[in-house]
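Visitor: Sequence first, predicted coordinates after that:
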Amino acid sequence: TLSSAFFGRAYVDAWGTQWFYWMTARAAARLEGFGWTDLFFYPWGKDLYLHTGGNVLDGLLAWPLRALLGPVLGYNLFVLLLLAGNGLGMAHLLRRLGVKQPGVASVLFAFNPWALHELRDGRPTQALLAFVLLFWADFLVLDKDRSWRTPLRAGLWLALAGITYWYNALFCGIAAGFFALLARDGALRRRILAGTVAALLVAPFAVPMLTAADVPGRLATDTWTLTSWSPVTREGIAVGLYAFDPATLGSGFWAVKMDGGMAFLRQDTNVFVTEVVLLALGLWACPPRVRRPVLVLAVVSLAIAVGPTLFGLPNPVYLLLARSSAIFQRLWWPTRALVLGHLAIGIAAGLLLHRLGRLGPVATIVLAVPWILELRAADLGPMATWDARVPPAYTCLAAAPKGAVLELPYATTQAHLWFQATHGHPLFGGMQIGRAHV
């Protein structure tokens, strides 16, 4: 079904991604900007840059394949290349840390549940981790690699990670900052240089958004306390706060109930029991110079990903960040900080298998079986697909005269975002936001 069905499940983000990839290619071909469009919410339009961050790099990377092979086959092959790139990136990182045969750990990392959930739900932007991995491959060896090109290159990789998805770079920057302060290995200036280069490269894209006074969707954290908080935006809209529950190794939404209370709706298994075991054993196998960054990655990941509560108790780290930072007030999905945790697990797994030496093949079998079983239990294997066929009425609209499309019923699925790529006319509708009540 590579050319007739999309990788993943029919979901608002999947339809939205197909829209963004189509819009990105269209704007690039016409030499137009990506920051604003009237292709939906016509005629008022939408400020894509201010409202969504304007991350379109993955759309540009997918453009050649989609143009050559069509939107369905081109997208599916792009996803497969993305997975391969994540695996190769981890292999490169492990080699830089002295692992001679990183293949097994790299494959496991490529098929980690967090990235697969992002891809299944139509979010390749968040799952494209090649630049993140290249950054850490250079950043973690700045104490050994004395070339001044290495911190410059690390800064470039971090900037590209941010242009791909701002929060992945933010999470990496926080962890890298903590590690730089704790390392005490004489490479602090080189690590500061890497961070400075990244900041300078992204400044033209990030500063206008960071300094804007009217970024919508920020959580109303001014009323939050250690014991009282609610996922309601400054506009008064109740949203779902997607957080990680370490007790069940799953993620779900904190949502407002009809009576005003809070409920946690668990949805996805984003960490495997096998991974927890790998991390624990890998920390034992890591040499001291690598154990410290692995611990930093894991701790920072957990401190952000769990959101406001940890094991039923207030999480002061996240609450402080959310109270004091507009960036974190716009983060409705703290669980995405698990990207750092999976990096830690990947590094720990690679160094564990490296230390096992000749027992590696046996360990591979021991790891592969529970990993596959957990993939199936998490509904990630085999992967779901959704039908790419476009209803004939939308195909006919491609030949219609210039004008916008009004669809009824209005408040239905956002599949029309994908259908718009066929007819090309603006839409009176768009991406509806409803109140999240339980």
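Guide: Looks like it arrived, so ask away. Predicted, not measured: the structure shown is a model, and the values here were computed from it.

Visitor: Name the next helix or strand following the helix or strand where Ala203 lies along the chain.
Guide: Using DSSP states H and E, the element containing Ala203 is helix 188-210. Elements were assigned by DSSP H and E; along the chain past helix 188-210, the next helix or strand is strand 241-245.

Visitor: what does the helix holding Ala203 contact?
Guide: Contact with helix 188-210 is made by 49-50, 53-54, 138-139, 142, 148, 150-152, 154-156, 158-159, 162-163, 166, 169, 173, 176-177, 179-181, 183, 215, 326-327, as judged by CB atoms under 8 Å, 6 or more residues apart in numbering. Using the backbone N, CA and C atoms, a C-beta is placed for each residue, glycine as well.

Visitor: In ChimeraX, select just the buried ones from the residues you listed.
Guide: Buried subset of the contacts of helix 188-210, written as a ChimeraX selection, criterion 16 or more other CB atoms under 10 Å:
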select :49,50,53,54,138,139,142,150,151,154,155,156,158,159,162,163,166,169,173,176,179,180,183,215,327
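
Visitor: Can you list which of the contacts of helix 188-210 are found in helices?
Guide: Among the contacts of helix 188-210, the ones falling in helices (DSSP state H) are 49-50, 138-139, 150-152, 154-156, 158-159, 162-163, 166, 169, 173, 176-177, 179-181, 183, 326-327.

Visitor: for stretch 345-353, which positions count as buried?
Guide: Residues Ile345, Gly346, Ile347, Ala348, Ala349, Gly350, Leu351, Leu352, Leu353 are the ones in stretch 345-353 that count as buried (16+ other CB under 10 Å).

Visitor: to the chain's geometric centre, what's the distance from it?
Guide: The chain centroid and the centroid of stretch 345-353 are separated by 22 Å under CA atoms, centre = their mean, to the nearest Å.

Visitor: Sketch out the helices for the stretch 251-400 of the chain, chain order is fine.
Guide: 273-285, 288-305, 316-324, 326-329, 338-356, 360-377, 392-397 (DSSP state H, counting those that start in this stretch).

Visitor: State the number of residues packed around Arg189.
Guide: Close neighbours of Arg189, defined as other CB atoms under 10 Å, add up to 10.

Visitor: repeat for Leu93
Guide: Neighbourhood size, Leu93 [other CB under 10 Å]: 28.

Visitor: for it, what are its contacts?
Guide: Contact analysis of Leu93 by CB under 8 Å, 6+ apart lists Leu133, Leu134, Trp136, Ala137, Leu140, Gly346, Ile347.

Visitor: again, but for Phe253
Guide: Gly240, Leu241, Tyr242, Ala243, Phe264, Leu265, Gln267, Ala436.

Visitor: For it, which non-adjacent residue is closest in space?
Guide: Leaving aside its sequence neighbours, Phe253 sits nearest to Gly240 (CB to CB, 6 or more residues apart in numbering; 3.5 Å).

Visitor: thought that neighbour was touching Ser251?
Guide: No. The pair Gly240 / Ser251 is not scored as a contact, 11.0 Å apart, by CB atoms under 8 Å.

Visitor: So Phe428 versus Val104, what's the distance?
Guide: Per CB to CB, to the nearest Å, Phe428 is found 52 Å from Val104.

Visitor: I should have written Ala14 there, sorry.
Guide: Counting by CB to CB, the gap from Ala14 to Val104 is 31 Å.

Visitor: Which one's more surrounded, the two?
Guide: Ala14 (24 against 17).

Visitor: Next, work out how far apart that one and Phe78 are.
Guide: Relative to Phe78, Ala14 is positioned 14 Å away (CB to CB).

Visitor: show me where pLDDT drops low in this protein?
Guide: Low-confidence segments of the chain (pLDDT under 70): 410-411, 432-438.

Visitor: Go ahead and flag the most central residue of it.
Guide: Gln126 (2.3 Å; CA atoms, centre = their mean).

Visitor: Just the element for that one, please.
Guide: helix 124-127.

Visitor: List the contacts of that helix.
Guide: By CB under 8 Å, 6+ apart, helix 124-127 touches 17, 55, 58, 62, 78-79, 82, 86, 115-116, 118-119, 164-165, 167-168, 336, 339.

Visitor: again with stretch 13-24
Guide: For stretch 13-24, contacts defined as CB under 8 Å, 6+ apart pick out 6, 8, 34, 37, 39, 56, 59-60, 62-63, 66, 71, 75, 121-125, 386, 413-418, 420-421, 431.

Visitor: and Leu321, what does it touch?
Guide: Shown in contact with Leu321 (CB under 8 Å, 6+ apart): Ile304, Phe328.

Visitor: For it, give its distance to Val299.
Guide: For Leu321, the distance to Val299 - CB to CB - is 14 Å.

Visitor: count of neighbours near Ile220?
Guide: If you look again at residue 220, you'll see it is Ala, not Ile. Counted with other CB under 10 Å, Ala220 comes out at 16.
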